[in-house]
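Asker: okay, here's the prediction I keep looking at, along with the sequence it came from:
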Amino acid sequence: MEDFEGKKILVIQTHGVDTPKRTYSPLYYAVASAAMEIETTVWFTMNGTNQLRKGVAEMIKLDPSSNVTLASMLQMCLDNEVKLAVCQQSLALWNMTPDDLIDGVEIFGATTIIDLALNYDHVMYF
Amino acid sequence: MGYSKVNECVIATDLYYSVADNTWARVNEDGTVYIGMTDIAQSLAGPILHAKAKPVGKVRKKGRPIATVESGKWVGPIKTPLSGEIVETNKALEEDVQLLNKSPYNKGWVVKLQPSDLENELKEMVTGDEAVEQYKEKIDRDGIQACAHIEGTEDYE
């Protein structure tokens, strides 16, 4: 395998609990990226923000026979040192405050995301 | 090679284990070590679809990834339990990646490492009856279900 250590990938997730089938894959890619020692950040904005409200992701399950939920996927990200960050402005869109967020999520403003996009090696947008 | 079974999960008693990371090490006569994932790890992951090892020549500290493995329901790193340089990767996995499931302790080794601090780091791993005991505790503590084995799995009697 080519060695990607030191590279950086930014994953932008705009899909949330209203479209469950669009929620898992970006997180799965993020974990794969982190496992390859690529510095990985998932940036949640627009509808993507709503999955970060405490107690919500536990309710989202794609495969009824599996015990894997969206919450498991988010936890798998954190366990693999994927940085989770949310758009400050989009919290208001969902009437959320920082206290509503699950643990481990950072809050960034728009200028930070532009800075990340310019400085990361690749951006994956969903 | 001797084996024990805990909850249908096979533990090869001559190997050294990092129980937390579900990896094993076999020390060869020439001082190199084979590293692989345990039967429990392959069962938790399910049938493996892809595995990518770090390249030969890569120097790894203990706890750093030596490979990335993915199944239909899981993706993650295999973390080396020993520091050292990767001197060989298992080419057989390129032909049949599910050797990781079918033969986790033999044909499914992941990398061969030239260890840099074997004597000290081996002391932090467990082997034999102690490994079996620690896996019993882990299986109870984590509520790990009986290990599943895919068709073609090596006979560990």
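Answerer: Yep, it's here.

Asker: A:Leu27 belongs to a helix?
Answerer: Yes. Secondary structure of A:Leu27 (DSSP: H, G, I helix; E, B strand; the rest coil): part of a helix.

Asker: let me know the pLDDT of it.
Answerer: As predicted, A:Leu27 sits at a pLDDT of 96.

Asker: burial count for it?
Answerer: 25 (other Cβ atoms under 10 Å in any protein chain shown). (C-beta placed from N, C-alpha, C; glycine too.)

Asker: for it, list the residues it contacts.
Answerer: A:Gln13, A:Val42, A:Leu70, A:Met73, A:Leu74, A:Met76, A:Cys77, A:Val82 (Cβ atoms under 8 Å, 6 or more residues apart in numbering or on different chains).

Asker: could you dump those residues into TSV with secondary structure, neighbour count and distance to chain B added?
Answerer: TSV is the format used below for the contacts of A:Leu27 (DSSP: H, G, I helix; E, B strand; the rest coil; neighbours: other Cβ atoms under 10 Å in any protein chain shown; distance: Cβ to the nearest Cβ, whole Å):
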residue	secondary structure	neighbour count	distance to chain B
A:Gln13	strand	26	17
A:Val42	strand	27	14
A:Leu70	helix	21	14
A:Met73	helix	21	10
A:Leu74	helix	24	14
A:Met76	helix	19	8
A:Cys77	helix	23	11
A:Val82	coil	25	11
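
Asker: that's a helix at A:Met111, yeah?
Answerer: For residue A:111 the amino acid is Thr, not Met. Yes. Assigned with three-state DSSP, A:Thr111 falls within a helix.

Asker: and the gap between it and A:Leu10?
Answerer: Applying Cβ to Cβ, to the nearest Å, the value for A:Thr111 to A:Leu10 is 15 Å.

Asker: got the contacts of A:Leu27 as a markdown table, with pLDDT columns?
Answerer: Output for the contacts of A:Leu27, formatted as a markdown table (pLDDT from 0 to 100):
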| residue | pLDDT |
| --- | --- |
| A:Gln13 | 97 |
| A:Val42 | 98 |
| A:Leu70 | 96 |
| A:Met73 | 94 |
| A:Leu74 | 96 |
| A:Met76 | 93 |
| A:Cys77 | 96 |
| A:Val82 | 97 |
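
Asker: wait, which of these is closest to B:Ala41?
Answerer: The nearest member of those to B:Ala41, counting by Cβ to Cβ, is A:Met76 at 15.0 Å.

Asker: A:Thr111 and A:Leu10: which is more packed in?
Answerer: Shown here are A:Thr111 and A:Leu10; by other Cβ under 10 Å, A:Leu10 has more neighbours (24 against 8).

Asker: what does B:Ala131 show for phi and psi?
Answerer: For B:Ala131, the backbone dihedrals are phi -60, psi -40 (criterion: degrees, to the nearest 10).
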